[in-house]
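# can't give you the sequence, but here's the structure:
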């Protein structure tokens, strides 16, 4: 069932169904609560399932400033408290994984079992070509600001974004500054602080957050295990839905 709640002037849209222990879904960048719908529905018979639209996505309002991972985690914390939830299990994908990592590290008593799916947050290994592209973009943007590309206007700036920016960056619109801040926050140092039993699920062919990131998390999180789904990509939970649901169900419910 769809709901809306006001948290410090921000409208947060969320879905809530079922009964039992809370199970919170945190979606990836560019997604919404609906991104997890097939998994959400599969776990509704056993849990009080909740899925939010992060501010700036879905039907939630934009964040009031350039938020980072900490601000998103603080909002989730307030959201849970407003709903009277002291502790919840979490399933989080990609960007949602960043938020879940931050919350589990800073508020361990609020997080029960944790499932991170193709999660972001580990400092990536970048090829030299990536840094060349980044520095070329920064140089071009500086020259643009100096007016060396002609009169400054939005059209010229958009050309730079189209040439150098990733697809996510190009499509981020008013969330670009938030995206830049978020993707440059590396959470490796927080991983050893996670006390929750943690299930890591990765797509074998994930190129956005490669399996190498999952292996780093498995090594650094004290109680973690990694499952790699053959043939799956960054949205491994959709690419291998039946297998994903079976594995996660066993993690949360055992032999039920």
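Sure, I can see it. What you see is a predicted model, and the numbers here were worked out from it, not measured in a lab. Numbers count the residues shown, from 1 in each chain.

# drop to CA atoms for contacts and neighbour counts, all remaining ones
Fine.

# At which residues are the strands of the stretch 1-150 of the chain located?
2-7, 10-17, 22-26, 48-52, 88-93, 111-117 (DSSP state E, counting those that start in this stretch).

# So which of those is nearest residue 78?
Nearest to residue 78 among the strands of the stretch 1-150 of the chain is strand 2-7 (7.4 Å), distances taken as Cα to Cα.

# Can you show me the helices along the stretch 151-256 of the chain?
In the stretch 151-256 of the chain, the helices defined using DSSP state H, counting those that start in this stretch lie at 154-164, 167-171, 176-183, 211-220, 236-239, 241-253.

# need the helix or strand of this protein with the lowest average pLDDT.
helix 128-145 (a mean of 50; mean pLDDT, DSSP states H and E).

# Could you point out which residue ranges in the protein have low pLDDT?
Flagging of the chain using pLDDT under 70 yields the residue ranges 126-172, 255-256.

# Could you chop it up by domain?
Per automatic domain parsing, the structural domains of the chain span 2-123+186-253, 128-179.

# any chance of those domains in TSV, with mean neighbour count too?
Formatted as TSV, the domains of the chain follow (neighbours: other Cα atoms under 10 Å):
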stretch	mean neighbour count
domain 2-123+186-253	19
domain 128-179	13
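
# what's the spacing between residue 4 and residue 19?
For residue 4, the distance to residue 19 equals 19 Å [Cα to Cα, to the nearest Å].

# Export the strands of the stretch 1-150 of the chain as CSV, with columns for distance to residue 253.
Formatted as CSV, those follow (distance: least, Cα to Cα, whole Å):
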stretch, distance to residue 253
strand 2-7, 26
strand 10-17, 18
strand 22-26, 12
strand 48-52, 14
strand 88-93, 12
strand 111-117, 11
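
# closest to residue 69 out of those?
Ranking these by their distance to residue 69 (criterion: Cα to Cα) puts strand 22-26 first, at 12.7 Å.

# ok and the closest one relative to strand 111-117, angle-wise?
With axes from the mean of the first three to the mean of the last three Cα atoms, to 10 degrees applied, the angle from strand 22-26 to strand 111-117 works out at 30 degrees.
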